[in-house]
Structures are given as structure tokens and as C-alpha cells.
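> Build me a model from this:
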Amino acid sequence: MGGVSDAPTTTSAVQITDPEDPRIADYRALTDVELRTRWEPPNGLFIAEGELVLRRALRAGYRPRSFLVDAKRVDQLGDLDTGDAPVYAASPAVLERATGFHVHRGVLGSFHRRELPSVSAVLDAARRVVVLEDVNNHTNLGAIFRGAAALGIDAVLLSPTCADPLYRRSVRVSMGEVFAVPYAKFETWPAGLAEVRAAGFAVLAMTPAPDAVPIQRLTPAQRHRAALLLGAEGPGLTPAAQAASDVRVVIPMRRGVDSLNVAAASAVAFWELGRDDPPSGSG
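Got it, this is the predicted structure:
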């Protein structure tokens with residue numbers, strides 16, 4: 001399995017001059033969201049973009065299939081134990097023609113996915129979670145994972161219609177924190193919320209409704225094992241999901257603003273729920 005080596009090594013790269021070379025098929029048309037979401041999960045792979053994200057994937061134990069890098073940046077991977085995964089190098093022009101965009105970070109990796117844990121296994125190991133309904137914007141999803149990692153959320157639970165956390169854009173926006181925060185998908189929705197409540201969590205549905213409880217006024221019991229429920233950008237939570245929650249909560253707004261972007265709202269709510277936690281490190 002690949003990883004980060006303590007001793008410097010020399011990365012041996014295979015030069016690629018043809019953007020249609022079948023050896024780099026994993027990286028073709030990376031900007032085609034529909035194609036990638038149809039192809040990556042069924043084939044058990046995902047793409048990591050950028051050296052930092054790639055290193056975090058390796059440290060998290062994901063097994064690499066291959067690497068594709070700008071020929072001028074091969075030495076950046078010199079300390080990595082790439083195992084049996086080949087390293088392909090190409091010019092920026094070849095990279096752009098193969099992937100469909102200018103790979104300004106110059107480093108890509110194709111990795112094997114792992115089997116997701118069950119919702120019950122994730123809940124057993126968590127004290128505070130976020131539950132997402134139909135969050136299908138990859139940028140928002142990645143930002144929520146990054147906020148969860150930074151602000152004390154132990155896990156992310158996804159409705160069946162949520163976007164893929166391991167899609168390249170989600171991984172990039174999260175800065176690789178999708179590898180650090182456990183997540184699982186519900187098989188049924190919103191019936192799956194019953195399992196969250198049965199595990200002892202208070203399900204807190206975020207909504208701008210005027211009768212919702214300001215989040216800072218939650219009781220200690222509601223904060224103790226909180227499952228923060230967030231909906232998609234725009235439509236928000238469905239009535240069925242709200243009905244399956246314990247309490248509806250709101251972040252009070254000013255100046256006539258009715259709500260925040262879901263990623264921004266999640267960060268504010270995460271901080272509020274954990275504001276009394278003992279510090280665990282610098283931000």
C-alpha cells in the first residue's frame with residue numbers, strides 16, 4: 001500500500017505523450033460531472049487533485065491505482081511510497097487535453113474506494129453528527145466536510161440523493177477532510193432518521209421558519225448528542241424530514257437576510273453546538 005516514506009526516494013515516472021493513452025483512462029474528461037458520477041463509483045475509484053489532498057488520501061489508507069503529474073513536478077512525489085501504483089508524467093498540454101481542464105496543481109491520483117460503514121457503526125462511534133438531505137452540490141458538500149472536521153462534528157450521514165463525497169470537486173474543496181471524517185449513507189429516507197433518534201441523538205432540523213428555535217437557545221440535553229439536519233441549497237429540508245426531527249432550529253438573521261448558504265450555515269451551527277467543548281488545538 002502506498003504511503004509517505006520517512007526517507008527520500010526517487011520517483012520513477014512513465015512519460016505520456018498521447019492524451020488518449022489508455023494507461024491514463026482514469027483521468028479522462030474529469031470536468032464531465034455526469035460521466036464521472038456514472039463511471040467512478042461503479043468502478044470503485046475516485047480522483048484526488050493536488051499534492052496536499054493526495055498525501056491525505058494516502059495517510060488515510062486509501063490504496064492508489066496510479067498517479068498522473070506534470071512532468072516538472074515529479075520530484076514533489078519523491079518522498080512517497082507509491083507501492084505498485086505507476087506514476088505517469090506528461091506536459092501541461094497533454095494533461096489539459098486528457099482531463100479537460102488546466103491542472104494548475106499539477107498532481108492527480110486515482111485511488112481505490114473503500115466499503116462504506118453502516119449508519120449504525122458510524123453512530124456508535126460519534127457524539128455529534130451532521131445529517132444531509134439531498135445536498136447535491138459538490139462544492140457545498142466538500143465545504144461541509146471541511147467544517148465538520150474543523151468544528152467538532154464526528155461524522156456525516158447522507159440521504160440516498162446526496163452527492164458523492166469522493167467526487168473530485170468535493171475532495172478538493174474539503175482539502176482532503178472527506179478522508180478524515182467518517183460518513184455513511186442511509187438506505188431509506190427519511191425513515192432512516194428513526195435510527196438516529198433510537199441511538200440517542202436529538203435530530204435538529206435547520207430551517208428559516210419563523211417558529212423555529214434559535215440555535216443558541218437549545219437545551220443542554222439537545223446539544224449533548226446532536227444530529228444537525230441540513231437540506232439542499234434553495235429548497236431546504238423537505239416537510240417529511242422536518243416532521244421526523246425532534247426540534248426545528250434557526251440561525252437568527254439580521255438586515256432582512258432570510259438564510260445563509262448551506263455550507264456557511266453548517267459552519268455557524270457546528271461552532272455553536274461545540275462552543276463549550278474543551279479546546280483540542282489551534283484553528
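> Which secondary structure element of this protein has the lowest mean pLDDT?
Least confident helix or strand, the chain: strand 3-4 with a mean of 52, by mean pLDDT, DSSP states H and E.
> That strand: what's the following helix or strand?
strand 13-15 (DSSP states H and E).
> that's a helix at residue 56, yeah?
Yes. Residue state for residue 56 (DSSP: H, G, I helix; E, B strand; the rest coil) corresponds to a helix.
> Next one: it from residue 13, what distance?
According to Cβ to Cβ, to the nearest Å, residue 56 stands 22 Å off from residue 13. In short, each C-beta sits where N, CA and C put it, glycine included.
> repeat for residue 173
28 Å.
> for residue 62, same thing?
Taking Cβ to Cβ, one finds residue 62 at 21 Å from residue 13.
> mind listing the helices in this protein by residue range?
Using DSSP state H, the helices found in the chain span residues 33-39, 51-59, 92-99, 119-124, 138-150, 168-173, 193-198, 220-224, 239-243, 262-273.
> Of all those, which one is nearest residue 162?
Closest to residue 162 of those, according to Cβ to Cβ: helix 138-150, at 7.0 Å.
> for that closest one, packing partners?
strand 129-132, strand 155-158, helix 168-173, helix 262-273 (3 or more Cβ pairs under 8 Å, 6 or more residues apart in numbering; DSSP states H and E).
> how about the nearest residue to residue 273, chain neighbours excluded?
Excluding its sequence neighbours, the residue lying closest to residue 273 (Cβ to Cβ, 6 or more residues apart in numbering) is residue 226, at 5.3 Å.
> and that neighbour, how many neighbours?
Residue 226 has 26 neighbours, counted by other Cβ atoms under 10 Å.
> same question, residue 37
For residue 37, using other Cβ under 10 Å, the count is 15.
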